[in-house]
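Q: just a sequence and a predicted model for now, questions to come.
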Amino acid sequence: MLMRVLNFLSSLRLTVTLLAFGIALVFLGTVAQEPMGNYLVQERFFKCFYVDPVALNAAFRKASHLVLLNLDPLPNEAYLVRPRIPVFPGGYLIGGMLLLNLLTAHARRLKFSWKKSGILMTHAGLIVMLLGQVFTDLLARESQISFREGETRDFSEDFAKYELVFAHDIPGTGREQVISVPESLLPTGGEVRNERLPFTIRIREFHANADLPRRKPMVDTNREPAASQGAGVRLLIDAQPEVRDMEHKNMPAAVVEIAGTQGSLGTWVLSPLLRSQEFQVGSETWRTEMRPLRYYEPFSVTLLKTTHEIYRGTDIPKNFQSRVRLDNPATSEHREIDIYMNSPLRYAGLTFYQYQMGREQLAAGGRPTSTLQVVRNPSWLTPYLSVGLVFFGLLTHFLIMLTAFIARSTKSVRPVTGT
Amino acid sequence: MKRWIPWIIAVGALGLALSRLAPPADRGFAVSDFGRLIVVFNGRVQPFDSVARNSLLQIRGKQSLHEDGKEGTLDAMSWLLEVMFRPELADARRVFRIDHPDVKALFELPLQPDAAVHDDGKHYAWDQLRDAFPKFREQVAPAQKKEGSTRTPYEQAVIRLNNAVTLYLRLQNTVQPMLGKDFPAEVADYQASIPAGVAAFQAKERGVAFDTNALAQVLKHCQRFLAMQDMEPPLVVPPHHPEQEHDNWMRMGEALLESSFPVALLKDLVGEEPLPQAEVDRLVAQAGTVPMNPSISHFTKLDEAYRAGDVAGFNRAIADYRATLAMPYARELTKAGRETVFYRAEPFMSAMVIYIGAFLLVCAYWTGFWELARRTAWTLVGAAFLIHTAGLLSRMLLEGRPPVTNLYSSAIFIGWGAVGLGLLLERFWRNAIGLAVGSLVGFATLIIAHQLSLSEDTMIMMRAVLDTNFWLATHVTIVTLGYAATYVAGVLALFYVVLGVLTPVLDDGVSKSLTRMVYGIVCFATLFSFTGTVLGGIWADQSWGRFWGWDPKENGALIIVLWNALILHARMGGLVRDRGFNQLAIGGNIVTSWSWFGTNMLNVGLHSYGFMDAAFKWLLAFICFNLVIIALGFVPTVNWRSFRAKPATGKGPGPGPGVRPGKPRPVAA
């Protein structure tokens, strides 16, 4: 029985089947991108063990366009449902099985010989690549730094995650104390207490995505203001369906009640759409806001100058470039660097890429802004290693075969002789 | 003598292609001299000649203009001269191609050709479209909103015509504003009105009494020049001081306005792009201080002479203008001259014609096994390959780039790679199959390239993220060679099935050698597509920190790699034998076409750089064709014409009768 399983696991028949499933999966994951967005497709086709029926349905509907059978796409909300029903193998299952197939095949059949050296190298390269991608999925973190010319940052911000922060000045030091509540705690509701906070935070409402329209007192008579204090007094909360694609961002909103020792101080609406709001607890002034989750670093970057060139008479971008100064007090490093397309800065395990460029409203001073993408990916070198192994592996293998072929064909007679 | 025939024919073909390098003799206006002058358009310095050819190609689908019932043809440059200097003549030229009856109906155009008024039923003049154009414009926005593959043929026709008209109007505003009668007089009048007009404006800004007439006089001109600027015509006026601001070419409107009120100030005044008050004050104070750009007078002279039919004056004006450019723009002028020669020679067109001729000879060889036909095809493909290579190298030199920079050049390069591989195969096997594949793929890819060149300038500048010769040279070149190899393998396999089922050509020897060719090339394709794909990932990691983003184009390349790996493993595992192996290789045509074009038609992803609606149907047709041939391969081998003659001995290339395809068999030695 074990032998049969091992025979199956190491068989070329399994390899071919898995490759065929892989091709089908990649194709479906490609066509599903238009309706579902790249992010959701990665989650539900590639970075998972199985594909659910909703995702597969979305792919089939889009694929029907390719054969001129224009089925309507599913409504956007439909993609938020993810039934736990496997209907097709996902990327992790196929990739994992291929890895297993490869390893058992090598253990059982493919013994080392010079003739096989190319194949071994190729397969080693593939193993490195598959494992590297798993590590990337597990360990990589993407964030961004957005700043104006002249500004300094010692943190980057997450694309999608937010945090609630409460801050107050520490008297006499010119510094502030910040207490952060991760967004992930909010949906559960309940209370947040911390010994450094002289008050309790009660989560009254949470929406993963919401608009905050202005409340018109004469029209919206039957709707209460979103909160009793701060900016929320003049606002309403309109919950929106969550978005999961690259182009749109969720704007969460929370209503929190702050309770001091004397009882409730009222409710506040917090959202990344709003600026910092102040409130008094005893004699202390506290500030609170919901902002993108920050990752602090022990060094800082300052945006010195941005360069944004387009080809004359067109809107084709020619060059985006940010000149930044890097200051690391711990290592006494102070240097200036240019970051531009295809030339990122690699420093302290992070890579800084030129991402976007803009100019703030003229009214706000009209200063140029720049956004850097910051990526932490400890396994970024694996593709380099892998491509080298596979390239030389395949080259070796094919050269070995070619020499054998030429040796054979010089012995035999040519099929048609030229004159 | 017979030995020499193939060589004589090939040299003749080469000679014909080379003869197109010779410059045409100008009779009358020095049109080709004008064509070698430079202008900035689509973000690059190029000769007027290229602007003319590419524009006419995009508007009319041809590089020259022949109107029904009129004598001779008008070359692109002469047409552009009319468009720029005598728009009233150009407006009567039938340059806009309209095929869709509903679009014709919108303009109330006659549906049937009418020789009496030189109407061929396809081409129409701006004079015929102008009046109903506002009505037509209403149709454009809704069509543009829809995604490409869901547009109806009518909507596609609307967008195509709108693009053509927009381009035409842009070109018409290159030198003079619309509906001008006498450009030199208009410029002189404007120049005379500047001092009083600017003084009046400054007085008005200070809030003191001002001369309303003088202000109205200058603003009347400004309005016309600003409208001209808004059409975004080519940048035709070189900077005042080329030694300091070499690349700051200007549009004519901007250059004219510079001397009174700069464009930014006017845009602020009309409320389009408000400026901070300090900036407005600065611009107002500076108004009227910039002298008229000296190059403008060259264009007024050209205009005057062209209008008056003064050949000597026009040609002298060209020489004078060129002399002012000669020093600061020596390099650009030389390059522009070369580009003109390149476009005139149309090397890819010559190569295309020779490829198809060679393919016909291969067919002749197969029908009668005339060795002479095969040898002539061999020299002809060689000649066409030389021309193809020369064209490819010229493009690379002109652009200063590796071979593949956009979809157009990828088609040229895939064809080149395929022909090179075909010639190599022919060198080994000498059975005309390499020639057949090379000439066929060469021809098909050059046709595709030609179709792509109809939609935009093929030497357009690279966006910042793509602007890296290192990655273009490595990732793009290698992955494109992988495409080329997969196609060659696929087409060879097509020949295997078609020749086997329908003709007696596929004897044992041919069958074996064909399968070997396919195998060798699939190996080659695997190596190149894998390396190219991973290098693409590394490029992505370098530019935005994501090795693999599951972008459609990346996925397409991945599918090619997986498919090639599948073919190799299926053969190694004995899951398929010769026939099944070739059927799988035909599948390579499908996956490669999907990656090359299909993924660009999904409207998502970072790689969707060129979108072609019509190509979508062709892609489907090509995929269906390949599926049909794969299905044809399932005809039992005893019924294949090539094998019918002999009794099935079991030694044949396919599984013998009674053997289920797909049943694992030991690996063939």
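A: On my side now, so go ahead. It should be emphasised that the depicted structure is a prediction, and the values quoted were computed from it without experimental measurement. Numbers count the residues shown, from 1 in each chain, chains lettered A, B, ... in the order given.
Q: residues in contact with the residue of the stretch 201-350 of chain A found nearest chain B?
A: Nearest to chain B, among the residues of the stretch 201-350 of chain A, is A:Tyr311, at 2.7 Å (Cβ to the nearest Cβ). Where you see a C-beta, it was placed from the backbone N, CA and C, and this is true even at glycine. Shown in contact with A:Tyr311 (Cβ atoms under 8 Å, 6 or more residues apart in numbering or on different chains): A:318, B:42-44, B:461.
Q: out of those, which are inside strands?
A: If you go by DSSP state E, the contacts of A:Tyr311 have A:318, B:44 in strands.
Q: which pair of the contacts of A:Tyr311 spans the longest distance?
A: A:Lys318 and B:Asn42 (12.6 Å; Cβ to Cβ).
Q: overlap in contacts, the two.
A: A:311, B:461.
Q: re earlier: do you know how far the residue of the stretch 201-350 of chain A closest to chain B is from B:Phe41?
A: 10 Å (Cβ to Cβ, to the nearest Å).
Q: for the stretch 201-350 of chain A, give me the ranges with low pLDDT.
A: Counting by pLDDT under 70, the stretch 201-350 of chain A contains low-confidence ranges at A:244-247.
Q: close to chain B: what parts of it are there?
A: Neighbours of chain B within the stretch 201-350 of chain A, by Cβ under 8 Å from any Cβ of the partner chain: A:310-314, A:316-320, A:340-344.
Q: 6 Å instead?
A: For the stretch 201-350 of chain A, the residues in contact with chain B (Cβ under 6 Å from any Cβ of the partner chain) are A:311-314, A:316-320, A:341-342.
Q: in the chain, which residue is closest to the centre?
A: In the absence of a named chain, chain A is used. A:Glu142 (5.6 Å; Cα atoms, centre = their mean).
Q: actually it's chain B I care about, not the one you picked
A: Taking Cα atoms, centre = their mean, chain B has its central residue at B:Ser453, 2.0 Å away.
Q: which one is it nearest to, not counting chain neighbours?
A: Nearest residue to B:Ser453 in three dimensions, chain neighbours excluded: B:Tyr408, at 5.8 Å (Cβ to Cβ, 6 or more residues apart in numbering or on different chains).
Q: quick check: mean pLDDT of the helix or strand that contains that neighbour?
A: Following DSSP states H and E, one finds B:Tyr408 within helix B:407-429. Mean per-residue pLDDT for helix B:407-429: 92.
Q: CA atoms only: put that helix into CSV for me.
A: Taking Å, rounded to 0.1, in the frame of the first residue of the first chain, the C-alpha atoms of helix B:407-429 are listed here in CSV:
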residue,chain,number,x,y,z
LEU,B,407,4.0,45.3,-28.8
TYR,B,408,4.9,46.3,-32.3
SER,B,409,8.6,45.5,-31.9
SER,B,410,7.8,42.3,-30.1
ALA,B,411,6.0,41.2,-33.3
ILE,B,412,9.0,42.1,-35.4
PHE,B,413,11.3,40.3,-33.0
ILE,B,414,9.2,37.1,-32.7
GLY,B,415,9.1,36.9,-36.5
TRP,B,416,12.9,37.4,-36.6
GLY,B,417,13.6,34.8,-34.0
ALA,B,418,11.2,32.3,-35.7
VAL,B,419,12.8,32.8,-39.2
GLY,B,420,16.3,32.4,-37.7
LEU,B,421,15.2,29.2,-36.0
GLY,B,422,13.6,28.0,-39.3
LEU,B,423,16.8,28.6,-41.2
LEU,B,424,18.7,26.8,-38.6
LEU,B,425,16.4,23.8,-38.9
GLU,B,426,16.6,23.8,-42.6
ARG,B,427,20.4,23.8,-42.4
PHE,B,428,20.2,20.5,-40.5
TRP,B,429,17.3,18.7,-42.2
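Q: could you list every helix and strand that that helix packs against?
A: helix B:371-399, helix B:433-453, helix B:477-502 (3 or more Cβ pairs under 6 Å, 6 or more residues apart in numbering or on different chains; DSSP states H and E).
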